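Trainee: dropping the sequence and predicted coords here.
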Amino acid sequence: MPVDNRRIAKNTLLLYIRMLLLLAVSLYTSRVILAALGVDDYGIYNLIGGFVTLFSFISHALVGAMQRYFNVALGHGDKEEYQRIYTMGINIFILFSLFLLLVGETVGLWFVKTQLNIPAGRETAALWVYQVSIITLIVNLFRTPDNASIIAHEKMEFYAYISIFEALIKLAIVFLLGRIAADKLILYVLLYLGATLVINVFYTVYCRRKISECRYTLMWDSKLFKSLLSFSGWNMLSGGSRVLKSQGDAFFLNHYYSVAVNAAFGVAAQVYNAVNLFLTNFQTAFKPQLVQSYAAGEMDEHYKLISRSAKMSYYLLLLIVVPVVFNLDGLLGLWLKEVPLYTKEFCLFVLLAYLVDALGAPLGVSVTANGKIRGIQVVSSILLVAGLVAGYLFLRAGALPYIIAIITFAVHFGFWLCYMYYARKYCQVRLRTYFHEVVVPVVLVTVACVLLPLGLSFVNVGKWIVLLICLADFIWVGAAVYVCGLTKGEKEYVFFSLNKIIQIPHGK
């Protein structure tokens with residue numbers, strides 16, 4: 001099964017445009033929402049809403065399992081097996097929703113009422129946020145089988161269209177938030193729930209009409225149930241540890257500081273979501289063919305795809321990270337009317353952590369395709385828990401809040417080392433080749449990319465001139481990547497892809 005470069009290129013462009021659109025809307029709406037809610041209420045929203053995501057790690061693990069099984073079924077051309085996986089996925093989510101309600105309305109409710117540091121007078125609003133967030137999470141659960149199917153079938157055009165609609169809904173929420181007389185925090189979570197319901201309807205209708213395998217039937221396959229849970233069990237371990245660290249960090253920041261620091265942590269979370277959206281989108285364009293090429297035994301194509309995916313995702317992310325990192329103060333001032341203390345430091349290390357993730361993610365996908373994920377999930381979980389414990393100890397000793405972000409960077413670097421080890425062990429990835437073709441070029445390009453932005457960062461400029469400097473940095477990084485970072489074949493691939501997608505002429 002040869003790699004379909006044209007499809008990958010088309011999907012990459014569509015997902016990149018989707019990412020830029022959602023990023024622009026997310027940054028704008030975050031600014032308005034922070035201004036409308038105020039620092040304390042914004043901190044409450046991120047603290048409580050984030051706490052609810054503690055319950056979401058099981059769903060993320062199951063989605064990862066379904067995605068892998070969907071791609072394998074497509075690789076084998078087995079539509080009946082695909083439909084059984086789809087149906088059992090929904091059955092599992094029904095069971096998980098009941099579990100979520102039971103735990104959320106007992107242990108979770110007790111924790112919110114007794115253990116969180118909520119400002120006086122905002123206890124009722126906090127409970128509203130908690131209850132509505134649980135409902136929103138359950139609603140999102142039932143979108144995930146459809147979402148996994150769209151990715152498996154590489155229907156990326158749908159993402160482009162639904163993203164425009166999603167952006168319009170988020171802008172509508174911002175508009176209504178400033179014009180309806182009500183408690184802004186409660187109103188915001190209710191409007192967000194309504195938007196989630198509407199978007200879910202579009203996902204459901206599209207999948208029923210365009211993907212024949214997305215049909216739910218009354219059936220129960222015990223063997224498939226055990227297989228899905230067995231595969232997702234190790235993902236649950238890693239996913240649970242990831243969510244535990246994130247929300248544990250938020251809890252410790254709340255305990256040793258205040259909801260104002262949670263607001264800074266929440267702003268950094270918006271940056272995290274934007275960067276994660278980018279990486280997820282880009283890897284989404286490659287992931288189906290990475291898994292399918294492995295399942296089909298086309299290992300040479302599989303290895304080429306790993307190298308290309310790692311380099312391209314790193315370079316595309318570098319185009320965003322370098323201008324932002326060297327102009328962070330100015331950009332935060334333009335973005336937010338009131339910048340919470342320590343926001344810059346939180347954002348800086350989040351961006352650096354995801355540069356490292358860009359290199360490691362394709363290796364992780366390769367191991368997932370192999371199916372032997374126990375080792376990689378156990379080591380990842382140990383790193384996450386160790387990071388959480390280290391953060392607690394540092395905060396307890398009086399460290400500044402952004403030590404959490406520094407530790408997060410260290411943990412993500414550990415992920416990369418872990419991915420390399422297990423990709424070599426189980427997938428016979430040649431690390432010497434990987435370093436020669438991927439790591440060495442990106443290091444040299446990164447050094448070249450920071451020269452001009454570093455010099456410009458010492459120049460004092462006006463408030464809006466920072467945008468022109470960001471544009472200059474962006475062009476510089478793009479030029480450095482093209483000249484120093486791409487092989488002759490990769491340059492031809494870029495021109496070929498652009499020509500096929502947007503039909504522009506190109507020279508030799």
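Mentor: Now that the structure is in, tell me what you want to look at.
Trainee: now do the strands in the stretch 351-500 of the chain.
Mentor: Remark: no strands are assigned in the stretch 351-500 of the chain by DSSP state E, counting those that start in this stretch.
Trainee: contacting residues around the residue nearest to residue 267 when sequence neighbours are not counted?
Mentor: Here the nearest residue to residue 267 in space, its sequence neighbours aside, is residue 343; by Cβ to Cβ, 6 or more residues apart in numbering that works out to 4.9 Å. Glycine gets a C-beta too; all of them are placed from N, C-alpha and C. Residue 343 makes contacts with 264, 267, 268, 332, 336, as judged by Cβ atoms under 8 Å, 6 or more residues apart in numbering.
Trainee: any chance of the residues you listed in a markdown table, plus distance to residue 153?
Mentor: Output for those, formatted as a markdown table (distance: Cβ to Cβ, whole Å):
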| residue | distance to residue 153 |
| --- | --- |
| 264 | 40 |
| 267 | 36 |
| 268 | 34 |
| 332 | 40 |
| 336 | 39 |
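Trainee: what's the most distant pair in these?
Mentor: Comparing every pair within these by Cβ to Cβ identifies 268 and 336 as the most remote, at 11.9 Å.
Trainee: looking at these two, which is more packed in?
Mentor: Using other Cβ atoms under 10 Å, the more surrounded residue of residue 268 and residue 336 is residue 268, with 26 against 17.
Trainee: I figured that one hits residue 347, correct?
Mentor: Yes. The pair residue 268 / residue 347 is scored as a contact, 5.0 Å apart, by Cβ atoms under 8 Å.
Trainee: can you count the residues close to residue 300?
Mentor: Residues lying near residue 300 (other Cβ under 10 Å) number 9.
Trainee: which SSE is immediately downstream of the helix or strand hosting it?
Mentor: Element membership for residue 300 (DSSP states H and E) is helix 299-325. As assigned by DSSP H and E, the chain's next helix or strand after helix 299-325 is helix 328-335.
Trainee: now do that following helix: which elements does it pack against?
Mentor: Under the contact criterion of 3 or more Cβ pairs under 8 Å, 6 or more residues apart in numbering; DSSP states H and E, helix 328-335 touches helix 5-52, helix 343-370, helix 465-480.
Trainee: centre of the chain to that helix, how far?
Mentor: How far helix 328-335 lies from its chain's middle: 23 Å, per Cα atoms, centre = their mean, to the nearest Å.
Trainee: ok, and what's touching that helix?
Mentor: Outside helix 328-335, the residues touching it (Cβ under 8 Å, 6+ apart) are 27, 30-31, 324, 339, 343-344, 347-348, 461, 463-464, 466-467, 469-470.
Trainee: what angle do it and helix 465-480 make?
Mentor: Orientation of helix 328-335 against helix 465-480 (axes from the mean of the first three to the mean of the last three Cα atoms, to 10 degrees) gives an angle of 130 degrees.
Trainee: buried residues in helix 328-335?
Mentor: Counting neighbours by 16 or more other Cβ atoms under 10 Å, one finds that the buried residues in helix 328-335 are 328, 330, 331, 332, 335.
Trainee: any weak-confidence spans in the stretch 401-508 of the chain?
Mentor: 459-463, 493-508 (pLDDT under 70).
Trainee: and the helices in it, which stretches?
Mentor: Counting by DSSP state H, counting those that start in this stretch, the stretch 401-508 of the chain has helices at residues 403-427, 431-434, 440-456, 465-480, 488-502.
Trainee: you'd agree residue 336 is up against residue 267?
Mentor: Yes. At 7.1 Å, residue 336 counts as touching residue 267 under the criterion of Cβ under 8 Å.
Trainee: so what touches the helix or strand where residue 114 lies?
Mentor: Assigned by DSSP H and E, residue 114 belongs to helix 109-115. Helix 109-115 has contacts (Cβ under 8 Å, 6+ apart) with 48, 51, 123, 126, 127, 130, 251.
Trainee: go again using 6 Å as the cut-off
Mentor: Under the contact criterion Cβ atoms under 6 Å, 6 or more residues apart in numbering, helix 109-115 has outside partners residue 130.
Trainee: quick one: it to chain centroid distance?
Mentor: 28 Å.
Trainee: follow-up on the earlier one: wait, which of the contacts of residue 343 is closest to residue 102?
Mentor: residue 268 (32.3 Å).
Trainee: re earlier: single out the most deeply packed of the helices of the stretch 401-508 of the chain.
Mentor: helix 403-427 (a mean of 20; mean count of other Cβ atoms under 10 Å).
Trainee: ranges for the helices of the stretch 101-250 of the chain?
Mentor: Using DSSP H, counting those that start in this stretch, helices in the stretch 101-250 of the chain cover 109-115, 123-141, 144-152, 156-177, 184-210, 222-256.
Trainee: what would those look like in a markdown table with mean neighbour count, mean pLDDT and distance to residue 488?
Mentor: As requested, these are exported to a markdown table (neighbours: other Cβ atoms under 10 Å; pLDDT from 0 to 100; distance: least, Cβ to Cβ, whole Å):
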| stretch | mean neighbour count | mean pLDDT | distance to residue 488 |
| --- | --- | --- | --- |
| helix 109-115 | 13 | 84 | 58 |
| helix 123-141 | 19 | 87 | 45 |
| helix 144-152 | 23 | 80 | 32 |
| helix 156-177 | 16 | 79 | 28 |
| helix 184-210 | 17 | 89 | 39 |
| helix 222-256 | 19 | 77 | 39 |
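Trainee: for residue 355, which of these is the nearest?
Mentor: Comparing the helices of the stretch 101-250 of the chain by Cβ to Cβ, helix 222-256 comes nearest, at 18.3 Å.
Trainee: from the contact counts, what lies against that closest one?
Mentor: Contact here means 3 or more Cβ pairs under 6 Å, 6 or more residues apart in numbering; DSSP states H and E; on that basis helix 222-256 packs against helix 5-52, helix 57-76, helix 79-103, helix 259-295, helix 374-396.
Trainee: quick one: which of those helices is nearest residue 402?
Mentor: helix 259-295 (8.4 Å).
Trainee: identify whichever of the helices and strands packed on helix 328-335 lies nearest to residue 78.
Mentor: Here helix 343-370 is closest among the helices and strands packed on helix 328-335 (Cβ to Cβ), at 16.7 Å.
Trainee: what's the angle from that closest one to helix 222-256?
Mentor: Helix 343-370 runs at 170 degrees relative to helix 222-256, counting by the same axes, to 10 degrees.
Trainee: ok, back up a step: which one of the helices of the stretch 101-250 of the chain lies closest to residue 409?
Mentor: helix 222-256 (12.9 Å).
Trainee: just how off-centre is that closest one within its chain?
Mentor: The answer for helix 222-256 is 15 Å, by Cα atoms, centre = their mean.
Trainee: for the closest residue to residue 210 other than its chain neighbours, give its distance to residue 147.
Mentor: Of all residues not flanking residue 210 in the chain, residue 155 sits nearest, at 6.6 Å (Cβ to Cβ, 6+ apart). Look at residue 155 and residue 147: by Cβ to Cβ, to the nearest Å, they are 11 Å apart.
Trainee: next one: residue 243
Mentor: Counting by Cβ to Cβ, the separation of residue 243 from residue 147 is 19 Å.
Trainee: got it, and residue 401?
Mentor: In terms of Cβ to Cβ, residue 401 sits 34 Å off from residue 147.
Trainee: for residue 158, see how far away residue 214 is.
Mentor: Using Cβ to Cβ, residue 214 is found at 12 Å from residue 158.
Trainee: and residue 94, by the same measure?
Mentor: Applying Cβ to Cβ, the value for residue 94 to residue 158 is 25 Å.
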